[in-house]
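In: Provide a 3D model corresponding to the input given below.
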Amino acid sequence: VLPRAAVGDLLISKSAELNGAATVGTSSVRRQHQLRAKWPEVQVLELRGNVPTRLRKLAESAELNAIVLARAGLDRLEVKTDFYTRELPLDEFVPAGGQGIIAMQIRRADERTRSLVAAVDDVATHESLRAEREFLRRLQGDCQSPVGVFAERNAAGEITIRAQVFDALGSAPRTAKLVRYTSEQPPEVIGAMLFAFIDGQRK
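Out: Predicted coordinates for the structure are as follows:
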């Protein structure tokens, strides 16, 4: 796992302010729920394609007022745009699990390859990813689930993990935040504990 890039989402729009009648393009179910929770009057339009394609569609469409993209994608592609860009707050737009992370998967028994990739493995990012993935596994969430989960481990080994789960479009999400040390619990246990908090809110 390489060091994590910028994790947040960007609102890329034709005007400085987003009014209630705006139409925003995104193919992400999570972002659709987050947008409607933040701006109930906003209309969400399905939008697909790579980063340059989505920016082109925003420029050419009279219907679209804005789109939402991961900041990591724009940064890595070094895409520059003349549109207005605003970083969306992480507490309201919790990223998808693993957002901003590049990982290499190897065969479990391949110790030679394991020793090679270990040299570039970022421990803090890897442990954060393990916590996020365990939360999603227990939730049985995937890329089509309206779920955000973000873990961040500091130099002292303290993980802060938060989650946001929507049950219906336009509804308020279930949220939880947990702070634990990896010296006390493995990342998977921390992810499982967060799931227990979120799941408990359903009852």
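
In: can we go C-alpha only for contacts and neighbour counts from here?
Out: Noted.

In: and the residue positioned nearest the centre of the chain, what does it touch?
Out: By C-alpha atoms, centre = their mean, the chain has its centre lying nearest to residue 95, at 1.9 Å. Taking C-alpha atoms under 8 Å, 6 or more residues apart in numbering as the criterion, residue 95 is in contact with 7-9, 148-150.

In: same thing but at 6 Å, please
Out: By C-alpha atoms under 6 Å, 6 or more residues apart in numbering, residue 95 lies in contact with residue 148.

In: Let's verify it: helix, strand, or coil?
Out: coil (DSSP: H, G, I helix; E, B strand; the rest coil).

In: What does it show for phi and psi?
Out: Main-chain torsions, residue 95, degrees, to the nearest 10: phi -70, psi 170.

In: do residue 73 as well
Out: phi -70, psi -40.

In: On the pLDDT front, check the closest residue to it other than its chain neighbours for me.
Out: Closest residue to residue 73 apart from its sequence neighbours, by C-alpha to C-alpha, 6 or more residues apart in numbering: residue 51 at 7.3 Å. You'll see residue 51 listed with a pLDDT of 95.

In: Repeat that for residue 203.
Out: Reported pLDDT for residue 203: 62.

In: how about the helices of the chain, start to end?
Out: 29-38, 51-60, 71-77, 111-117, 123-139, 187-200 (DSSP state H).

In: So which of those is nearest residue 16?
Out: helix 51-60 (14.8 Å; C-alpha to C-alpha).

In: Next, the buried residues of that closest one.
Out: Buried residues in helix 51-60, defined by neighbour count with 16 or more other C-alpha atoms under 10 Å: 54-55, 57-58.

In: Pick out whichever of those residues sits closest to residue 118.
Out: Ranked by distance to residue 118 (C-alpha to C-alpha), the buried residues of helix 51-60 are led by residue 54 at 35.8 Å.

In: Distance of the closest one relative to residue 198?
Out: Between residue 54 and residue 198 the computed distance is 33 Å (C-alpha to C-alpha, to the nearest Å).

In: Next up, the contacts around the nearest residue to residue 121 once chain neighbours are set aside.
Out: Nearest residue to residue 121, sequence neighbours excluded (C-alpha to C-alpha, 6+ apart): residue 1, at 4.9 Å. With contacts defined as C-alpha under 6 Å, 6+ apart, residue 1 is in contact with 103, 121-122, 126.
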